[in-house]
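*Asks:* what shape does this take:
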Amino acid sequence: MRSSASEYLEIPKFFVFSVFGIFSGSAGEKDLNYKVVPEKREGGNVLNLYTWKGMNCLDRTEESTHREYPLTQEGYDEMLKSLEDEYKASEDAPDRAEQRHQRALSLASEHLSMDDYIHSGS
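*Replies:* Numbers count the residues shown, from 1 in each chain. Predicted coordinates:
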């Protein structure tokens, strides 16, 4: 039995949220972060889904999306599908690890060339 409800992302099954558990996760290779927060409301409890990109936590990020779903199995299923669709849509985006590697190579060639070392007299 799988512990995650998704084949793409690590995320608990509905039970965790039905007892008002909060969960944060990320798909770092696709620069997708997410946080699911159940909330008690008089008109009906909801699941808040927040998604954002970047290295910062949700509180420190400038741009994020927020969607609400009913706190039911059906609402959870809809939230999970929305989150997986966002992940799959980002599959065409360049891999973050590859982007970091290319940036490191660029910086190294720009600032650490052998010619610079030889001409500096060091």
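*Asks:* from here on, just use CA atoms for contacts and neighbour counts.
*Replies:* Will do.
*Asks:* any buried residues in stretch 38-52, and which?
*Replies:* Pro38, Glu39, Asn45, Val46, Leu47, Asn48, Leu49, Tyr50, Thr51, Trp52 (16 or more other CA atoms under 10 Å).
*Asks:* residue boundaries of the strands in the protein?
*Replies:* 23-27, 32-39, 46-52, 64-70 (DSSP state E).
*Asks:* rounded mean pLDDT for the first one, please.
*Replies:* What that stands for is strand 23-27. Averaging pLDDT along strand 23-27 gives 94.
*Asks:* need the residues that contact it.
*Replies:* Strand 23-27 is contacted by residues Leu9, Glu10, Ile11, Pro12, Leu32, Asn33, Tyr34, Lys35, Val36, Val37, Tyr87 when judged by CA atoms under 8 Å, 6 or more residues apart in numbering.
*Asks:* find the nearest non-adjacent residue to the fourth one, please.
*Replies:* Nearest residue to Pro12, sequence neighbours excluded (CA to CA, 6 or more residues apart in numbering): Ser4, at 5.3 Å.
*Asks:* hang on, the one you found packs against Lys13?
*Replies:* Yes - counting by CA atoms under 8 Å, Ser4 touches Lys13, with 6.5 Å between them.
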